[in-house]
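Trainee: sequence and predicted structure below; questions after.
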Amino acid sequence: MASDMHILAFDLGGTKIASGMVTFAADGTRADGAPQITSVPTNATEGGPAVLQRLVDLASSQLAELGAVDAIGVGSAGVVDSAQGIIVSSTDLIPGWNGQRLADALHKVQAAPVTVVNDVVAHGLGEAHYGAGVGYSRVLSVGVGTGIGGALIVDGQPVFGAHDVAGHIGHVMHPLGRGVPCSCGTACGHIEPVASGTGLATLYAMRCGDATTTIANGRDVCELAEAGEPLAISVLTEAGRALGEALGGAANLIDPDVIVVSGSVTNAGAVWWKALRAGFEDSALQLTRIIPLVEGVLGGNAPLIGAAVAARQHLHNHH
């Protein structure tokens with residue numbers, strides 16, 4: 001009888017580093033319940049080396065408390081070279097994050113195998129294996145939060161692409177974004193800077209024409225919309241529809257079985273979802289229009305569970 005597999009998982013983002021133990025039974029089922037999560041602030045402004053040290057310190061304290069593990073899995077912000085466990089490209093979210101060697105640093109804490117994937121890939125793996133994507137062989141997972149990210153999971157495995165960039169749905173063109181600077185540096189018109197949580201605030205400021213607006217983020221826009229403010233409602237509609245149109249284009253390009261949409265902006269309510277679906281139906285071809293657009297079910301646990309899945313896959317592929 002094969003024993004359970006215990007994997008220490010990490011979700012490293014611009015705001016916090018979360019960690020939890022994920023346990024898989026020998027048959028691949030996940031032990032019940034949400035992982036017990038411990039988190040520390042990322043303190044991103046301190047820069048890459050300091051953030052890596054915080055990850056190592058958290059790993060050390062977790063391992064001291066939990067004991068030995070079979071593997072370590074990390075979902076991290078940035079473009080990841082998974083073979084080496086190195087960040088190969090990153091936005092300015094964490095200054096100096098590019099080039100940080102996560103796997104090497106964690107190996108020094110414990111000799112267990114370490115697997116590092118992009119945080120959006122981790123999220124997609126979680127939903128594909130244990131969430132809203134279960135039962136579908138081709139899953140396009142889209143995260144709409146501070147930014148917009150995506151991952152394509154085919155037969156349970158992530159598709160990385162030639163440059164580890166596959167799935168970057170936030171960086172496809174949409175006319176609504178033209179002239180608005182994107183986190184990647186272009187202003188040619190990406191969808192992220194106008195349809196992410198941050199983008200909702202940007203779009204609101206653009207539409208109200210008042211430079212002194214106190215709207216700081218997507219949550220502020222959603223709260224105004226809930227209170228019935230017409231401009232906020234129109235911004236949610238405009239951004240939701242634009243993202244839906246972009247997702248329709250993605251569906252036409254890759255033809256997945258399901259599109260799972262997660263992240264803080266999915267809590268924006270019925271107005272946003274209705275606009276998202278309307279935009280999708282307009283943009284998708286007749287045969288891709290039937291692809292279900294569903295909400296993720298794992299919430300904040302998705303990246304941890306997915307990082308553990310990536311570590312488990314790595315173990316299986318190398319034994």
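Mentor: Nice, I can see it. The shown structure was predicted, so the numbers you read here are calculated from the model rather than taken from an experiment. Numbers count the residues shown, from 1 in each chain.
Trainee: could you report the separation of Leu93 from Arg289?
Mentor: Distance, Leu93 to Arg289, using C-beta to C-beta, to the nearest Å: 35 Å. In short, each C-beta sits where N, CA and C put it, glycine included.
Trainee: scratch that, His316 is what I was asking about
Mentor: Computed as C-beta to C-beta, the His316 to Arg289 distance reads 37 Å.
Trainee: cool, Glu295 as well?
Mentor: Taking C-beta to C-beta, one finds Glu295 at 18 Å from Arg289.
Trainee: mind listing what the residue lying closest to Asp119 once chain neighbours are set aside touches?
Mentor: Nearest in space to Asp119, with sequence neighbours left out and distances taken as C-beta to C-beta, 6 or more residues apart in numbering, is Gly75 at 4.1 Å. Taking C-beta atoms under 8 Å, 6 or more residues apart in numbering as the criterion, Gly75 is in contact with 9-12, 117-119, 121-123, 303-304, 306-307, 310.
Trainee: my guess is Ala251 contacts Val142. True?
Mentor: No - checked against C-beta atoms under 8 Å, the pair Ala251 and Val142 is beyond contact range at 10.8 Å.
Trainee: just want to know which of these two has more residues nearby.
Mentor: Val142 (27 against 22; other C-beta atoms under 10 Å).
Trainee: and the more buried one, helix, strand or coil?
Mentor: Secondary structure assignment for Val142 (DSSP: H, G, I helix; E, B strand; the rest coil): strand.
Trainee: what about it, distance to Gln110?
Mentor: Between Val142 and Gln110 the distance is 34 Å, computed by C-beta to C-beta.
Trainee: show me the shaky parts of the stretch 201-319 of the chain.
Mentor: Within the stretch 201-319 of the chain, the segments meeting pLDDT under 70 span 211-212, 319.
Trainee: can you give me the strands for it?
Mentor: Ranges of strands within the stretch 201-319 of the chain are 258-262, 293-295, based on DSSP state E, counting those that start in this stretch.
Trainee: then the stretch 51-200 of the chain?
Mentor: So, for the stretch 51-200 of the chain - with DSSP E, counting those that start in this stretch - the strands run 71-76, 79-81, 86-89, 114-118, 138-144, 148-154, 157-158.
Trainee: the third one packs against which elements?
Mentor: The one in question is strand 86-89. Counting contacts by 3 or more C-beta pairs under 8 Å, 6 or more residues apart in numbering; DSSP states H and E, strand 86-89 is packed against strand 79-81, helix 102-107.
Trainee: kindly report the same for the fifth one.
Mentor: Taking 3+ C-beta pairs under 8 Å, 6+ apart as the contact definition, the neighbouring helices and strands of strand 138-144 are helix 119-130, strand 148-154, helix 230-254, strand 258-262.
Trainee: just put the ones you listed in CSV and tack on distance to Lys16.
Mentor: Written out in CSV, the entries for the helices and strands packed on strand 138-144 read as follows (distance: least, C-beta to C-beta, whole Å):
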stretch, distance to Lys16
helix 119-130, 12
strand 148-154, 17
helix 230-254, 25
strand 258-262, 17
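Trainee: just name the most buried of those.
Mentor: Of all these, helix 119-130 has the most neighbours on average by mean count of other C-beta atoms under 10 Å, namely a mean of 30.
Trainee: by how many degrees do it and strand 258-262 diverge?
Mentor: Following axes from the mean of the first three to the mean of the last three C-alpha atoms, to 10 degrees, one obtains 120 degrees for the angle between helix 119-130 and strand 258-262.
Trainee: what sits closest to the residue nearest the centre of the chain if chain neighbours are left out?
Mentor: In the chain, the residue lying closest to the centroid (C-alpha atoms, centre = their mean) is Val120, at 2.9 Å. Sequence neighbours aside, Gly149 is the residue nearest to Val120 in space, at 3.4 Å (criterion: C-beta to C-beta, 6+ apart).
Trainee: need the contact list for that neighbour.
Mentor: By C-beta under 8 Å, 6+ apart, the contact list for Gly149 reads 118-120, 123, 142-143, 167-170.
Trainee: redo the strands of the stretch 201-319 of the chain as TSV? Include distance to Val79.
Mentor: Shown next, in TSV, are the strands of the stretch 201-319 of the chain (distance: least, C-beta to C-beta, whole Å):
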stretch	distance to Val79
strand 258-262	20
strand 293-295	26
